[in-house]
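**Student:** Return atomic coordinates for the entry below.
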Amino acid sequence: MSHQPVAQVRELLKSIETGDAAPVAYINPNKYIQHNLAVADGLVGFGAVLHQLLAGSARVNTVRAFQDGDYVFTHTDYNFFGPKIGFDIFRFEDGKIVEHWDNLQEKPATANPSGHSMIDGATEIVDREKTASNKTLVRAFVEDVLVNGRMDKLSGYFAGDAYIQHNPQVPDGLSGLGGALKAMAEQGIIMKYDRIHKVLGEGNFVLAVSEGSFGGKPTSFYDLFRVENGVIAEHWDTIETIPARAEWKNDNGKF
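**Tutor:** Residues are numbered from 1 along each chain as shown. Sure thing, here's the model as predicted:
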């Protein structure tokens, strides 16, 4: 597959800002499975959301875009019913987009304790030949540490404290991560990862999509990792509460 799908997804997302109708043609009109639970299924649902936007109000800046087989996944700075950072995943079938997942988090007004935003940092894709091994590493990290809570294994996935963190609440370094987890536990806020649904990657970037709970609410976790020399070097994420079943606009589920 060429990188054409990446360009198509970038154009489709940008069209939310520009109002350009042409990129909608990249979506299969007869099959568009929507996993954003606030949006109705199909092209009709996508169109309905666009109609709710005040003309000229949306801003879309896709900072990172990757392809893994039939999937394109992106990391975008949105102003779309308010400032948000979002990951989107699109699945292609026979050259058309047929399925969409996303995870959005409100964008904080200030930087995190180490001065990073939720979206700044490295963007260059390298080490494409290491895609498979990097995906294996990230899956093992999420499984070991986030799902199974094996904190004894934590340090093995990082190069000491040289770890750049873009989560709005957490400072850089392993010590920052450990401190944040400890502080949350002390406040009785439990962040629990139950299962991994997808691991997608291109080169040094790997996205893990997981389901769990945060503060007792069903939650979708999207974690993007940059791997360097076989260890995790940088992390971005979005955390979204999954709405109650009665509020879903489609029946496809979040994952």
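
**Student:** The closest residue in space to residue 82 that isn't next to it in sequence: neighbour count?
**Tutor:** Leaving aside its chain neighbours, residue 82 sits nearest to residue 106 (6.7 Å; criterion: CB to CB, 6 or more residues apart in numbering). Every residue, glycine included, has its C-beta placed from N, CA and C. By other CB atoms under 10 Å, 13 other residues sit near residue 106.

**Student:** swap in the one 3 residues further on?
**Tutor:** The burial metric for residue 109, expressed as a neighbour count using other CB under 10 Å, is 7.

**Student:** Surely it is within a strand?
**Tutor:** No. Counting by DSSP: H, G, I helix; E, B strand; the rest coil, residue 109 is not part of a strand but coil.

**Student:** Next one, pLDDT for it please.
**Tutor:** Note for residue 109: predicted pLDDT of 94.

**Student:** Convert the C-alpha atoms of the lowest-mean-pLDDT helix or strand in the chain to CSV, please.
**Tutor:** In the chain, no helix or strand scores lower on mean pLDDT, DSSP states H and E than helix 173-186, which sits at a mean of 87. This file holds the C-alpha atoms of helix 173-186, laid out as CSV (Å, rounded to 0.1, in the frame of the first residue of the first chain):
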residue,chain,number,x,y,z
GLY,A,173,10.8,10.6,33.7
LEU,A,174,10.1,7.3,35.3
SER,A,175,10.1,9.0,38.7
GLY,A,176,7.4,11.3,37.4
LEU,A,177,5.3,8.4,36.3
GLY,A,178,5.8,6.5,39.6
GLY,A,179,5.0,9.6,41.6
ALA,A,180,1.8,10.3,39.7
LEU,A,181,0.6,6.7,40.1
LYS,A,182,1.4,6.9,43.8
ALA,A,183,-0.4,10.2,44.3
MET,A,184,-3.5,9.0,42.6
ALA,A,185,-3.6,5.8,44.7
GLU,A,186,-3.2,7.9,47.8
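
**Student:** and the next element down the chain from it?
**Tutor:** Using DSSP states H and E, the helix or strand that follows helix 173-186 towards the C-terminus is strand 191-202.

**Student:** I'd like the mean pLDDT over that next one, please.
**Tutor:** The pLDDT scores in strand 191-202 average 97.

**Student:** Name the strands paired with the helix or strand following that strand and say parallel or antiparallel.
**Tutor:** Downstream of strand 191-202, the next assigned helix or strand under DSSP H and E is strand 205-214. With DSSP bridges as the test, strand 205-214 is paired with strand 191-202 (antiparallel), strand 217-228 (antiparallel).

**Student:** among these, which is nearest residue 66?
**Tutor:** Of all the strands paired with strand 205-214, strand 191-202 sits nearest to residue 66, with 3.9 Å by CB to CB.

**Student:** got the buried residues for the closest one?
**Tutor:** Of all the residues in strand 191-202, those buried under the rule 16 or more other CB atoms under 10 Å are 191, 193, 196, 198, 199, 200, 201, 202.

**Student:** Residue 48: what secondary structure?
**Tutor:** Classification of residue 48 using three-state DSSP returns helix.

**Student:** same question but for residue 65, I mixed them up
**Tutor:** Applying three-state DSSP: residue 65 is strand.

**Student:** Excluding chain neighbours, what is closest to residue 118?
**Tutor:** Nearest residue to residue 118, sequence neighbours excluded (CB to CB, 6+ apart): residue 85, at 4.3 Å.

**Student:** Leaving out chain neighbours, which residue sits closest to residue 11?
**Tutor:** Using CB to CB, 6+ apart and skipping the chain neighbours, the partner closest in space to residue 11 is residue 23 (4.3 Å).
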